[in-house]
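Q: Structural data only, the sequence is not supplied:
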């Protein structure tokens, strides 16, 4: 009677899982390639992404108008102690800041929605891919390690999509707006 060989690892004591002891956190070797692989998950939401970009532009422009109005208030109304003009410009500044915060909140909400819906599809595809892997793969990799790896990688993609993209766009637009203001004013 042949003996059965079990390929599962037998270890005693606690073992590190996920990005544990001795395991390096891998980064994308080629970020452009990683972005190309991520784009099919974002393309179905291109209308929402365009709206988010428009809202980021609105937020940035309104954020740049606020300090300009503050300068006008100081130069034209506070210096000469004209309270009527100061009250009007203060109301305009309040409106500008409220609209800026509203557009920022809506863009963050829309981007989070896009991110979660795209990641739902990505998780589904990852699950389908895991279903096609041979049993040997699961024998040679610990379940906790796989779950930790998948969870951490999905969360990293979530952070990149929902926060970093809009922050990068807002930062570039703010820089351009500041440069324009420096040269025109």
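A: Sure, I can see it. Fair warning: this is a prediction, and the values are worked out from it, not measured in the lab.

Q: need the contact list for residue 98.
A: Counting by Cβ atoms under 8 Å, 6 or more residues apart in numbering, residue 98 makes contact with nothing. Backbone N, C-alpha and C define where each C-beta goes, glycine included.

Q: which SSE is it in?
A: Residue 98 is part of helix 83-132 when elements are defined by DSSP states H and E.

Q: quick check, distance from that helix to the centre of its chain.
A: Here helix 83-132 is found 10 Å from its chain centre; the criterion is Cα atoms, centre = their mean, to the nearest Å.

Q: Can you give the distance from the next helix or strand after it to the centre of its chain?
A: Tracing the chain C-terminally past helix 83-132 and defining elements by DSSP H and E, one meets helix 135-140 next. Helix 135-140 sits 34 Å away from the centroid of its parent chain (Cα atoms, centre = their mean).

Q: Tell me the first helix or strand C-terminal of helix 135-140.
A: helix 143-159.

Q: Return the list of helices and strands in contact with the lowest-mean-pLDDT helix or strand in the chain.
A: Using mean pLDDT, DSSP states H and E, the weakest-scoring helix or strand in the chain turns out to be helix 31-42, at a mean of 82. Counting contacts by 3 or more Cβ pairs under 8 Å, 6 or more residues apart in numbering; DSSP states H and E, helix 31-42 is packed against helix 83-132.

Q: For the helix it packs on, the averaged confidence score.
A: Summarised as a single mean, pLDDT over helix 83-132 is 92.

Q: can you give me the angle that helix makes with helix 31-42?
A: 90 degrees (axes from the mean of the first three to the mean of the last three Cα atoms, to 10 degrees).

Q: Enumerate the positions of stretch 169-181 that are buried.
A: Residues of stretch 169-181 classed as buried by neighbour count (16 or more other Cβ atoms under 10 Å): 169, 170, 173, 177.

Q: Please give me every residue in contact with the third one.
A: Looking back up the chat, that one is residue 173. With contacts defined as Cβ under 8 Å, 6+ apart, residue 173 is in contact with 56, 57, 60, 61.

Q: Quick check: which element contains it?
A: helix 165-184.

Q: Just the pLDDT at residue 57, thanks.
A: Looking at residue 57, its pLDDT reads 92.

Q: how about residue 133, phi and psi?
A: Here is the backbone geometry of residue 133 (degrees, to the nearest 10): phi -70, psi 150.

Q: How many residues are close by it?
A: Residues lying near residue 133 (other Cβ atoms under 10 Å) number 11.

Q: now swap in residue 62 and tell me
A: Neighbours around residue 62, by other Cβ under 10 Å: 19.

Q: In which helix or strand does it reside?
A: Assessed by DSSP H and E, residue 62 sits inside helix 46-72.
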